[in-house]
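Undergrad: Following is a predicted model, sequence given first.
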Amino acid sequence: MQHDDVINALLQALGTEVVTLPARFGSRQVVDWSGLPGATPRAIIRPRNTQEVAAALRVCDEYRQPVVTQGGLTGLVGGANLRDGEVALSLERMNRIVEIDRTSGTMTVEAGTPLQVVQEAALDAGLYFPLDLGARGSCTIGGNLATNAGGNRVIKYGMMRDQVLGLEAVLASGEVVGALHKMIKNNSGYDLRNLMIGSEGTLGVITRAVLRLRQRPRAVATAWCALPSYSAVTQLLEEAQAGLAAGVSAFEVMWAGYYDAVLANLPSLRAPVNERYPYYVLLESVGGDPVRHAQAFEEFLGRMLEANVVADAAVASSESDALAFWAIRDAPGEYPKFIPNHAAYDVSFSISDVGDVAARCDARLSERWPQALVMIYGHLGDGNIHIVVDVPGAGKTLHGEIDDVIYEVTREFHGSVSAEHGIGTKKKGYLGFTRSDADVVAMRAVKAALDPRGILNPGKIF
């Protein structure tokens with residue numbers, strides 16, 4: 001069988017409107033944000049609907065042609081990058097909002113729809129879609145589902161899997177599974193929806209989803225808190241969850257190393273408090289009554305200041321104030337300006353362990369590389385922290401050694417080597433630090449059952 005037979009079969013089944021060959025790629029991006037190498041696809045398939053996805057996969061499965069699904073290419077672990085001889089399946093054309101059902105509180109969308117489009121459509125309908133990431137303008141719902149994205153508001157609303165009621169996907173064989181149900185309760189057999197979510201495109205191609213919308217918050221209260229110790233940070237979290245009637249919608253913690261570095265290197269940021277402290281928390285709570293919510297929020301902060309849990313605080317008096325606070329937390333998007341060769345880690349632990357984890361990582365990194373810049377921050381409410389390491393003058397040559405340090409500490413504390421970005425190729429060598437041999441055998445069995453010829457995103461996760 002000729003090497004080009006599969007390309008000819010794809011062209012015959014779908015036409016040149018759907019199948020693009022390399023000569024027509026132009027300057028198109030074909031790798032994700034991870035910085036990991038990726039090959040040029042043999043072809044890019046851009047289906048317009050589920051039926052064309054199914055047709056493409058039937059051809060690829062028949063010819064044993066490996067295929068990698070691509071969304072917004074904002075991933076950080078190489079999950080959307082190709083190897084030689086593979087084809088890309090981009091869902092960029094499947095970007096429609098199919099329906100908004102206000103009564104059911106749902107939105108049915110195609111997988112290529114950008115997250116920000118979904119957020120804005122929900123607001124226009126008087127509702128709210130809570131998932132939020134820094135890459136909101138580029139990342140797509142399909143990619144968010146495939147990696148079970150988390151983001152800033154997991155503490156209140158949960159991960160991406162908690163935002164989905166129904167899901168449609170295409171298996172490697174071209175068979176369509178799942179359904180676009182709108183009900184919360186559905187215990188009719190195995191949950192194929194949750195099997196597909198977080199599978200990184202290795203079990204099927206997610207094509208459409210029914211998203212769960214929430215009531216739009218009418219009040220948002222935001223504060224920047226400075227704290228004297230990690231125990232004060234965890235006490236603030238406990239007190240806020242118990243003492244704020246509307247609950248906590250964001251609890252972002254930043255160690256001093258992160259705060260000092262971003263303020264020193266990004267002139268557009270301004271310090272919310274005058275003095276320097278060991279820890280900072282961006283605290284947000286949403287509610288229904290703007291006046292009462294703001295009053296209750298400020299009273300709570302007053303109690304925390306009186307109890308010396310919080311050393312200093314600044315409350316946002318306007319949306320621009322809140323955005324200025326969030327700009328400090330969202331500064332990682334500006335890393336290329338001052339640490340272009342940094343190594344970044346997305347790990348999670350039990351909340352009670354996070355302080356010790358951070359201290360152990362910092363100590364071991366500083367012992368190995370005394371000149372290293374170590375920045376630690378994250379979504380403490382769900383135990384997810386980010387660790388960023390930059391060794392001046394080393395470029396990226398030490399990344400493998402830094403990986404070993406961070407992931408060894410992760411194993412010691414029984415944490416997860418991936419909190420919200422997936423395994424991809426970047427972390428597959430460390431999967432065993434988090435999952436047992438029996439876990440991996442079970443996962444491989446699922447993969448073999450749903451993709452027996454191994455054509456879907458091969459070489460990822462395992």
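TA: Okay, I see it.
Undergrad: At the geometric centre of the chain, which residue sits there?
TA: What sits nearest the mean C-alpha location of the chain, by CA atoms, centre = their mean, is A149, with 3.5 Å.
Undergrad: any idea how far the residue nearest to that one when sequence neighbours are not counted lies from D403?
TA: Here the nearest residue to A149 in space, its sequence neighbours aside, is M160; by CB to CB, 6 or more residues apart in numbering that works out to 4.6 Å. For glycine as for every other residue, the C-beta is placed from the backbone atoms N, C-alpha and C. Relative to D403, M160 is positioned 26 Å away (CB to CB, to the nearest Å).
Undergrad: Looking at those two, which is more packed in?
TA: The neighbour comparison of M160 against D403 (other CB atoms under 10 Å) goes to M160, with 26 against 18.
Undergrad: Contacts only, for G150.
TA: M159, M160, H379, D382, N384, A419, E420 (CB atoms under 8 Å, 6 or more residues apart in numbering).
Undergrad: Show me which of the residues you listed is closest to I455.
TA: M160 (24.9 Å; CB to CB).
Undergrad: isn't the closest one right next to G143, touching?
TA: No - if you go by CB atoms under 8 Å, M160 and G143 don't touch, sitting 9.7 Å apart.
Undergrad: who touches both of those two?
TA: What both M160 and G143 touch, as defined by CB under 8 Å, 6+ apart, is the set A149.
Undergrad: before we move on, back to that, reformat the contacts of G150 as CSV; add pLDDT, distance to R208 and secondary structure.
TA: Formatted as CSV, the contacts of G150 follow (pLDDT from 0 to 100; distance: CB to CB, whole Å; DSSP: H, G, I helix; E, B strand; the rest coil):
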residue, pLDDT, distance to R208, secondary structure
M159, 94, 19, coil
M160, 96, 15, helix
H379, 91, 28, strand
D382, 88, 27, helix
N384, 94, 28, strand
A419, 91, 27, coil
E420, 87, 23, coil
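Undergrad: Tell me if I'm right that A314 and A271 touch.
TA: No - counting by CB under 8 Å, A314 does not reach A271; the two are 9.3 Å apart.
Undergrad: Counting neighbours, go ahead and name the busier of these two.
TA: Using other CB under 10 Å as the criterion, A314 and A271 rank with A314 on top: 18 against 15.
Undergrad: which stretches of the stretch 51-200 of the chain form helices?
TA: Here the stretch 51-200 of the chain has its helices, by DSSP state H, counting those that start in this stretch, at 115-124, 141-146, 154-157, 192-196.
Undergrad: For the stretch 101-250 of the chain, just list every one of the strands.
TA: 106-110, 127-128, 164-170, 176-179, 205-212, 214-215, 219-227, 250-255 (DSSP state E, counting those that start in this stretch).
Undergrad: Mean neighbour count, these: which tops it?
TA: strand 205-212 (a mean of 26; mean count of other CB atoms under 10 Å).
Undergrad: CA-only coordinates of stretch 455-462 in CSV, if you can.
TA: What follows is stretch 455-462, C-alpha atoms only, in CSV (Å, rounded to 0.1, in the frame of the first residue of the first chain):
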residue,chain,number,x,y,z
ILE,A,455,-4.3,5.9,16.1
LEU,A,456,-5.5,8.6,18.5
ASN,A,457,-2.7,10.8,19.8
PRO,A,458,-0.2,8.1,20.1
GLY,A,459,2.8,8.5,22.4
LYS,A,460,0.9,10.7,24.9
ILE,A,461,0.3,10.0,28.6
PHE,A,462,2.0,6.5,28.5
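Undergrad: Now that stretch: buried residues?
TA: By neighbour count on 16 or more other CB atoms under 10 Å, the buried set for stretch 455-462 is I455, L456, N457, P458, G459, K460, I461.
Undergrad: What backbone torsions are found at the second one?
TA: For L456, the backbone dihedrals are phi -90, psi 110 (criterion: degrees, to the nearest 10).
Undergrad: if we can go back for a sec, and the residue nearest to the centre of the chain, how far is that from S436?
TA: Relative to S436, A149 is positioned 25 Å away (CB to CB).
Undergrad: Repeat that for A13.
TA: Distance, A13 to S436, using CB to CB: 42 Å.
Undergrad: When these two are compared, which one has more neighbours?
TA: It is A13, of A13 and S436, that has more neighbours when counted by other CB under 10 Å, with 15 against 9.
Undergrad: Let's test this: mean pLDDT of the helix or strand encompassing A448, rounded?
TA: Assessed by DSSP states H and E, A448 sits inside helix 437-450. Throughout helix 437-450, pLDDT has a mean value of 97.
Undergrad: wait, doesn't D356 sit right on F413?
TA: Yes - D356 lies in contact with F413 (CB under 8 Å); the separation is 7.3 Å.
Undergrad: Which of the contacts of G150 ranks first by neighbour count?
TA: M160 (26 neighbours).
Undergrad: Contacts only, for A122.
TA: Residues near A122 by CB under 8 Å, 6+ apart: I100, M107, Y128, F129, L213, R216.
Undergrad: According to the record, where do the domains of this protein fall?
TA: If you go by automatic domain parsing, the domain ranges for the chain are 5-90, 97-215, 219-332, 339-438.
Undergrad: what about the first one, how long is it end to end?
TA: What that stands for is domain 5-90. In domain 5-90, first residue to last residue: 21 Å (CA to CA, to the nearest Å).
Undergrad: Please apply the same query to stretch 238-257.
TA: With CA to CA as the measure, stretch 238-257 spans 24 Å from end to end.
Undergrad: Could you pull up the mean pLDDT of that stretch?
TA: Mean per-residue pLDDT for stretch 238-257: 94.
Undergrad: Of all the residues in it, which ones are buried?
TA: Applying 16+ other CB under 10 Å to stretch 238-257 flags 239-240, 244, 246, 248-255, 257 as buried.
Undergrad: Now do the residue nearest to V31 when sequence neighbours are not counted against G79, distance only.
TA: Sequence neighbours aside, G38 is the residue nearest to V31 in space, at 3.7 Å (criterion: CB to CB, 6+ apart). Going from G38 to G79 by CB to CB gives 10 Å.
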